[in-house]
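**Q** 3D, please:
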Amino acid sequence: MPRMGMRSLLPSYSFGRHGHSQDLVGSPSPAASPRPPPQASSHALMAEYMAAEAVVARWRPGAKNAFLFDGDRAEALEFLAAVRGVHRAMLQFASAGRSPEVKSALVSGQTLLQSAMGRLEEEFYRILAANRDRLDPESVSTRSSTQSSVSEESEEEEVRAAGDSIREVENEAAAAMEDLRAIADTMISVGYGKECVRVYKVLRKSIVDEGLYRLGFELLAPNSHVHKLDWPLLEIKIRSWLAASHVAVTTLFAGERILLDHIFSGFDTIREAVFVDVAGEAAREFLRFPDLVTKSKRSTEKVFWILELYEAVSKLLPEINTVFSFVSTEDVRDQALTSLTKLAEVVRATLADFEAALHKEHSKVTTPGVRIHPLTRRAMKYIAELSDHDSTLAEIYAVLPFQKPGLHPDFFFDASDSSAEVETRTSSLASSFSFSSSSSTSSDSNRSGIAGRLAWLILVLLCKLDSKAAAYRDAAQSYLFLANNLQFIVNTVRHCRLRGLLGEEWVAQHAVKARQYAARYEMIAWVKVAAEVPAAEVSAEEARERMRAFVAAVEAACATQAGWVVTDAGMREEVREAVRGMVLPAYRGFYQRWRAALEEGEVARFSPEVVRRRLAELFSGSNEIDSS
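**A** The predicted structure is shown next:
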């Protein structure tokens, strides 16, 4: 498709006194711009002219006879041929000299030609207006998809009727496009392109604007302040834009380009100029909307809408470049790229804000029952949702390769933490960042880089959780808190795209670490209780005392841990089994040996079954168990 500098051509349009198009006639096809034939005899020339005049005169504008392009096209084709015949005759007359007869013939021919153009302008307008729905790409697309969906559940006869209806609409649309093309070819070739273009632009521009409105998008004012709307209202507009974007570009604008290319085929300059006027401004303003959204106040919650806007524009970019391939529609392509660039910048800035917010979270609030901390839930929900957009994030961060940050202690822990605590925890957490970002291809490297960024965010979260664990005065509570939260993180990773990004090794390593935290809790909380069971021989009296001390220790531990929870069902059973294994086997043997030394009431009260039931009540808390 030829490209011409429309910025320099647009101001140069000029038309003669009788509406003759000069600069608008670009590169007409040979059939559309006949050259004057060799000089014919004056009698033959006049005969041809008179015959053409008779045909044209029958169809003068405003005549009550039927429209030219209704039904049989034979008369329409005859009329178009006659118009070209009149034009050829006038060219011959003009080259024949300036005799009074020639001048009279030229005046008469010009009048006749203007009359014919009036008729063709009427026909052109009528066909465009009458076939508005058939030539509306969006309506045709909607109708076709509706018919298809209905036909899938219809009987054979209904299916056939639906198919016939679709074919009828397609045939009528094709016939209308051919008629419009024939009229446009004739009008432009004889110098009346201005009238033809004017009619087309008025009707088709209104269709484009109306199409966008029906899709839920209103053209923006140059000084639009969409970004200043309250977020709920702006979110509604974003939803509408996203719902409209694919149809707007691939159906409305692309369909308009296809229609224009067909009707004005062979006139490249006209096609370009008309397309700019019909769709250029609407498309530019439509694609400016995401750019305006980026000017709204940033927040971590909005980033997913920004990502969806980016994905929509990125996906449509090839189609935008194809549909708006003219030099004069470069501003439409530029607007799409600008919106894409601004959206990417907002995403990168928002994720930086999210990471900074994690670093700055220094609250010492503990969670009842050492349950999942709200920060863990919020952060992992956010990171998991980010992983759903890993391909998009890889594209956005392609210009900013991931570099693993250093694990400087001051970066993660509070100044109030002791140096020993910081050193121990830093060493432990450093091993959590086990993700490798090396890859063989550029695409895989970008995706791997996103995995590294998400792994880094999880590591920052783990560091914060480690600091929060120190707020529990009971060391057993601290470790159970870490076990719960790390297991929640592992479960979240397992059930979203993070699993594929971080890998099974990452999941396994952190699951092991969560179980290690649980094991530390078990040792700290229950080793002293288990120690109440004597390992050596004792007297009967001492056995009774040790039995009472053991049961008291169990009761005290159960009372202390009554509200403590192991949120993951699998880990909860593992911890219960581990505690039972530490406490019950040794006590059961001890009890069986010395139960005879107990008083009657103590036999039932101190039985291993009572201890087992008490242990079984642990780790469920009130009712809040998380099995995700």
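**Q** element containing the closest residue in space to residue 322 that isn't next to it in sequence, please.
**A** Using Cβ to Cβ, 6 or more residues apart in numbering and skipping the chain neighbours, the partner closest in space to residue 322 is residue 254 (7.8 Å). From N, CA and C alone the C-beta is placed, and that goes for glycine too. Take DSSP states H and E as the rule and residue 254 turns out to sit in helix 254-263.
**Q** export that helix as CSV, just CAs?
**A** Coordinates of the C-alpha atoms in helix 254-263 are reproduced here as CSV (Å, rounded to 0.1, in the frame of the first residue of the first chain):
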residue,chain,number,x,y,z
ALA,A,254,-10.6,-2.5,10.9
GLY,A,255,-14.0,-2.9,9.3
GLU,A,256,-14.0,0.8,8.4
ARG,A,257,-10.6,0.4,6.8
ILE,A,258,-11.7,-2.6,4.7
LEU,A,259,-14.8,-0.8,3.5
LEU,A,260,-12.9,2.3,2.6
ASP,A,261,-10.2,0.3,0.8
HIS,A,262,-12.8,-1.4,-1.3
ILE,A,263,-14.9,1.6,-2.2
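**Q** other SSEs contacting that helix?
**A** Counting contacts by 3 or more Cβ pairs under 8 Å, 6 or more residues apart in numbering; DSSP states H and E, helix 254-263 packs against helix 137-151, helix 156-189, helix 193-214, helix 268-275, helix 303-323.
**Q** any stretches of this structure with poor pLDDT?
**A** 1-43, 45, 60-66, 71, 96-99, 101-102, 136-171, 222, 404-447, 621-628 (pLDDT under 70).
**Q** and it, what are its domains?
**A** 26-190, 370-525, 532-616 (automatic domain parsing).
**Q** out of the ones you listed, flag the one nearest residue 325.
**A** Closest approach to residue 325 among the domains of the chain (Cβ to Cβ): domain 26-190, 16.1 Å.
**Q** how far is stretch 87-106 from where the chain is centred?
**A** From the chain centre to the centre of stretch 87-106 is a distance of 64 Å (Cα atoms, centre = their mean, to the nearest Å).
**Q** how far does that stretch stretch from start to finish?
**A** 10 Å (Cα to Cα, to the nearest Å).
**Q** swap in stretch 316-332?
**A** 13 Å.
**Q** for it, which positions count as buried?
**A** Buried residues in stretch 316-332, counting neighbours by 16 or more other Cβ atoms under 10 Å, are found at 316, 317, 320, 323, 324, 325, 326, 328, 329, 331, 332.
**Q** kindly report the same for stretch 293-300.
**A** 293, 294, 296, 298.
**Q** which residues are in contact with the first one?
**A** It refers to residue 293. 226, 227, 234, 238, 305, 306, 309, 343 (Cβ atoms under 8 Å, 6 or more residues apart in numbering).
**Q** give the other helices and strands that the strand or helix carrying residue 615 contacts.
**A** Using DSSP H and E, residue 615 falls within helix 608-616. Helix 608-616 is packed against helix 540-560, helix 569-594, with contacts defined by 3+ Cβ pairs under 8 Å, 6+ apart.
**Q** relative to helix 540-560, how tilted is that helix?
**A** Here the directions of helix 608-616 and helix 540-560 differ by 20 degrees (axes from the mean of the first three to the mean of the last three Cα atoms, to 10 degrees).
**Q** and residue 617, how many residues sit next to it?
**A** By other Cβ atoms under 10 Å, 11 other residues sit near residue 617.
**Q** cool, residue 345 as well?
**A** Count around residue 345 with other Cβ under 10 Å applied: 13.
**Q** if we can go back for a sec, ok, the residue nearest to residue 322 to residue 262 distance?
**A** 13 Å (Cβ to Cβ, to the nearest Å).
**Q** between those two, which one's more packed in?
**A** Remark: of residue 254 and residue 262, residue 254 carries more neighbours, 19 against 15, as counted by other Cβ under 10 Å.
**Q** follow-up on the earlier one: ok, which of the domains of the chain comes nearest residue 213?
**A** Short answer: domain 26-190, nearest of the domains of the chain by Cβ to Cβ, at 11.3 Å.
**Q** residue 296 against residue 302, yeah?
**A** Yes - Residue 296 lies in contact with residue 302 (Cβ atoms under 8 Å); the separation is 7.3 Å.
**Q** identify the contacts common to those two.
**A** residue 231.
**Q** can you report how many residues lie near residue 364?
**A** For residue 364, using other Cβ under 10 Å, the count is 10.
**Q** so what touches stretch 106-122?
**A** Here stretch 106-122 has contacts from 18-19, 49, 53, 56-57, 59-61, 63, 68, 79, 82-83, 86-87, 89-90, 93-94, 183, 186-187, 190, 192, 195-196, 199, using Cβ under 8 Å, 6+ apart.
**Q** buried sites along it?
**A** For stretch 106-122, burial by neighbour count (16+ other Cβ under 10 Å) applies to 106, 109, 112, 113, 115, 116, 117, 118, 119, 120, 121, 122.
**Q** look up how far residue 391 lies from the fourth one.
**A** Spelled out, it's residue 113. Residue 113 is 60 Å from residue 391, by Cβ to Cβ.
**Q** next up, phi/psi of residue 236, please.
**A** phi -60, psi -40 (degrees, to the nearest 10).
**Q** and it, how far is that from residue 243?
**A** 11 Å.
**Q** ok, now residue 319?
**A** 17 Å.
**Q** same question, residue 56
**A** Residue 56 sits 50 Å away from residue 243, going by Cβ to Cβ.
**Q** higher neighbour count, the two?
**A** The neighbour comparison of residue 56 against residue 243 (other Cβ under 10 Å) goes to residue 56, with 20 against 14.
**Q** helix or strand: which one has that one?
**A** Going by DSSP H and E, residue 56 is part of helix 42-58.
**Q** elements contacting whichever helix or strand comes after that helix?
**A** Moving toward the C-terminus from helix 42-58, the next helix or strand (DSSP H and E) is helix 74-95. Using 3+ Cβ pairs under 8 Å, 6+ apart as the contact definition, the elements that helix 74-95 packs against are helix 42-58, helix 100-130, helix 156-189.
**Q** in helix 74-95, which residues are buried?
**A** So for helix 74-95, counting by 16+ other Cβ under 10 Å, buried means 75-76, 78-80, 82-93.
**Q** one more: stretch 264-274?
**A** 264, 266, 267, 268, 269, 270, 271, 272, 273, 274.
**Q** extract the C-alpha set from that stretch and format it as PDB.
**A** The C-alpha trace of stretch 264-274 is given here as PDB (Å, rounded to 0.1, in the frame of the first residue of the first chain):
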ATOM      1  CA  PHE A 264     -12.000   3.900  -3.000                       C
ATOM      2  CA  SER A 265      -9.700   1.200  -4.500                       C
ATOM      3  CA  GLY A 266      -7.200   2.700  -6.900                       C
ATOM      4  CA  PHE A 267      -7.300   6.200  -5.200                       C
ATOM      5  CA  ASP A 268      -4.600   5.900  -2.500                       C
ATOM      6  CA  THR A 269      -4.500   9.600  -1.600                       C
ATOM      7  CA  ILE A 270      -8.200   9.700  -1.200                       C
ATOM      8  CA  ARG A 271      -8.400   6.600   0.900                       C
ATOM      9  CA  GLU A 272      -5.700   7.900   3.300                       C
ATOM     10  CA  ALA A 273      -7.300  11.300   3.600                       C
ATOM     11  CA  VAL A 274     -10.800   9.900   4.100                       C
END
